[in-house]
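Novice: Can you look at this prediction? I've put the sequence above it.
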Amino acid sequence: MKELLDFLNDIGSKIILDESEIVNINNKCFKINNEIKSLIINRSRLVYIGSFLGKSKKKWVPSTILLEEMSKEIETNKIWIDDEAAWLFVCGRDIFLDKILNLSTELKEGIKYLVMNNEKCLGIVTVESQNNKLILSNNFDIGDFLRREKNI
Amino acid sequence: MSKEFFLERYSQMGHNLTGKEKTQQSLRVNSLKTTLLDIKKEFIKKGARFEKIQWLKDGFCINEVNFSLGSTIEYLLGHYSIQEAASQLPVEVMSPKPYEKILDMCAAPGGKTSQIAAWMKNKGVIVAIDSNRKRLYSLENHLERCGVKNSIVYWGDSSEFNFGNDKFDRILLDAPCSGNYVTDPKWFKKRKLDDIKKNSENQKKLLKAAINNIKQSGVIIYTTCSLEPEENEFNIQWLLENYPVKLELFEGPGSSGLIEIFGNKLNKELTKTMRFWPELTNTQGFYIAKVVKK
């Protein structure tokens, strides 16, 4: 829960989470409502429930459900890229500054930003300095679904 | 068993199949995330040729495509799923409504579970169960990608879960079955009649559990992707003989369920069930029964 709250705070999200609505299953974090809660009958066999928020894997890895909610809610910490850069990003690549079409707030080293292609949220980056140049380092992108399927 | 053995069985059921029938690649638009119109625009921009499947609400088939349908940004965003046409019909026949309580008994890899959530507009609850942990990882990915927020997923045998007095409004029993040759080129080499009979016993066990968990007047959709009557009409005949249920007619492109198979005369009510014969529907082999608990 702390990792999730820190992540939301880092990126300027105002999403409010009530601890009584949160369920953890194998380091994965889910948000549930009372109707769903009342139907849990076998906790030991539970693998997924309600709205998946993300997982704790050394660092916090957000779900695409959470990213989509955040992209609708926050106005800062967003950058927009074109179709070509979007495709490279979902293939796991970092983003060079010249690929940025627009940004909501000035880039600062160490800060996280949502990566947008039009109204679509594709993932998350952190601004990092490499060889005295700022780059947007890929923290998570939606191409993760394909990489996960390969590992099943 | 040989290819000839199975083709002869189908011939005895009135269908002269070649064993080479194919199904077209089909998609289902995820109405939780986008609209059919927006997906059409995107696909036109990408140069794909496609057409709406008239008998489905959200389905269309792809006639020509020069990119991988499973690796577009729209796919990764959950705007559509790759789902064979016949397998899209069971949920449409079930017609789940928002705020209902639905049980999806053999849910992995989750295509139909996410379709149920879309019909329910993410409101109400879907309890989804599967006994194959590996396939459940695919289901988890599918639910996340498609933005499903109203499911409870369990790992286990759905016939062994006890929900007490919590009965369901609708149940989908997409039963584990022997499959069919249209979607599996090695099917004829792999299948034996004994395996089909074993499947049938397991399917009856699951049907019995579905009866125990459904509300009075609730709907059970029983479906398989098998053409074998032991997994289809014979099971529903057994259900009609042993439980207070009736069958309901529904619309679709398939043919009526059979009432005379290999010399056995079956209940005429079975004509209300539906078979998808690949040479007639251009889909995989499929069977659907809409069962209502009296």
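Specialist: Yes, it's here.
Novice: Looks like B:Ile39 contacts B:Glu74 (just checking).
Specialist: Yes - at 6.9 Å, B:Ile39 and B:Glu74 qualify as touching, with contact defined as CB atoms under 8 Å. Where C-beta positions appear, they are placed from N, C-alpha and C, glycine not excepted.
Novice: what number of residues lie near residue 128?
Specialist: You didn't say which chain, so I picked chain A. 13 (other CB atoms under 10 Å in any protein chain shown).
Novice: wait, I meant chain B there
Specialist: 29.
Novice: what about it, which SS state?
Specialist: strand (DSSP: H, G, I helix; E, B strand; the rest coil).
Novice: same for the helix or strand containing B:Asp194, what does it pack against?
Specialist: Element membership for B:Asp194, per DSSP states H and E: helix B:193-213. When contacts are defined as 3 or more CB pairs under 8 Å, 6 or more residues apart in numbering or on different chains; DSSP states H and E, helix B:193-213 sits against strand B:168-174, strand B:214-224, helix B:233-242.
Novice: What helices and strands are in contact with the longest strand anywhere in chain A?
Specialist: Longest strand in chain A, counting residues (DSSP state E): strand A:120-130. Using 3+ CB pairs under 8 Å, 6+ apart as the contact test, the elements touching strand A:120-130 are helix A:64-73, helix A:83-90, strand A:112-117, strand A:133-141.
Novice: looking at these, which is buried most?
Specialist: Ranked by mean neighbour count under mean count of other CB atoms under 10 Å in any protein chain shown, those are led by strand A:112-117, which reaches a mean of 22.
Novice: wait, what's in contact with the most centrally placed residue in chain A?
Specialist: Nearest to the mean C-alpha position of chain A, by CA atoms, centre = their mean, lies A:Pro62 at 3.7 Å. By CB atoms under 8 Å, 6 or more residues apart in numbering or on different chains, the contact list for A:Pro62 reads A:7, A:53-54, A:70, A:124, A:140.
Novice: switch to 10 Å and redo it
Specialist: Applying CB atoms under 10 Å, 6 or more residues apart in numbering or on different chains, we find A:Pro62 in contact with A:4, A:7-8, A:11, A:29, A:52-55, A:68-70, A:114, A:123-124, A:139-140.
Novice: gap between the nearest residue to B:Leu27 once chain neighbours are set aside and A:Asn27?
Specialist: Among residues not flanking B:Leu27 along the chain, B:Tyr80 sits closest, at 4.8 Å (CB to CB, 6 or more residues apart in numbering or on different chains). Note on B:Tyr80: its distance to A:Asn27, by CB to CB, to the nearest Å, is 30 Å.
Novice: Likewise for B:Asp157?
Specialist: In terms of CB to CB, B:Asp157 sits 26 Å off from A:Asn27.
Novice: Compare these two and say which is more crowded by neighbours.
Specialist: B:Asp157 (16 against 11).
Novice: State the distance from the residue nearest to the centre of chain A to A:Gly92.
Specialist: Counting by CB to CB - A:Pro62 and A:Gly92 are separated by 16 Å.
Novice: low-scoring pLDDT stretches of the stretch 1-150 of chain B, where are they?
Specialist: Applying pLDDT under 70 to the stretch 1-150 of chain B picks out residues B:1.
Novice: how about the helices in it?
Specialist: B:3-12, B:36-46, B:73-76, B:85-94, B:111-119, B:133-145 (DSSP state H, counting those that start in this stretch).
Novice: Take those helices and write them to CSV, including mean neighbour count.
Specialist: What follows is these, written out as CSV (neighbours: other CB atoms under 10 Å in any protein chain shown):
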stretch, mean neighbour count
helix B:3-12, 14
helix B:36-46, 14
helix B:73-76, 20
helix B:85-94, 25
helix B:111-119, 26
helix B:133-145, 20
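Novice: possible to save those helices as CSV with distance to chain A?
Specialist: CSV is the format used below for the helices of the stretch 1-150 of chain B (distance: least, CB to the nearest CB, whole Å):
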stretch, distance to chain A
helix B:3-12, 31
helix B:36-46, 10
helix B:73-76, 4
helix B:85-94, 19
helix B:111-119, 10
helix B:133-145, 5
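Novice: any idea how far B:Gly285 is from B:Ser255?
Specialist: On the measure of CB to CB, B:Ser255 and B:Gly285 end up 11 Å apart.
Novice: again with A:Ile32
Specialist: Counting by CB to CB - A:Ile32 and B:Gly285 are separated by 39 Å.
Novice: So between those two, which is more surrounded?
Specialist: B:Gly285 (28 against 21).
Novice: Do you know the pLDDT at the residue nearest to B:Val291 when sequence neighbours are not counted?
Specialist: Using CB to CB, 6+ apart and skipping the chain neighbours, the partner closest in space to B:Val291 is B:Ile220 (4.3 Å). Confidence at B:Ile220, expressed as pLDDT, is 98.
Novice: overlap in contacts of B:Ser255 and B:Gly285?
Specialist: The contact lists of B:Ser255 and B:Gly285 share B:15, B:275-277, where a contact means CB under 10 Å, 6+ apart.
Novice: Closest to chain A out of those residues?
Specialist: B:Phe276 (27.5 Å; CB to the nearest CB).
Novice: quick one: the residue lying closest to that closest one once chain neighbours are set aside from B:Gln88, how far?
Specialist: With CB to CB, 6+ apart as the criterion, B:Phe276 has its nearest non-adjacent residue at 3.7 Å, and that residue is B:Phe286. Separation of B:Phe286 from B:Gln88 (CB to CB) stands at 10 Å.
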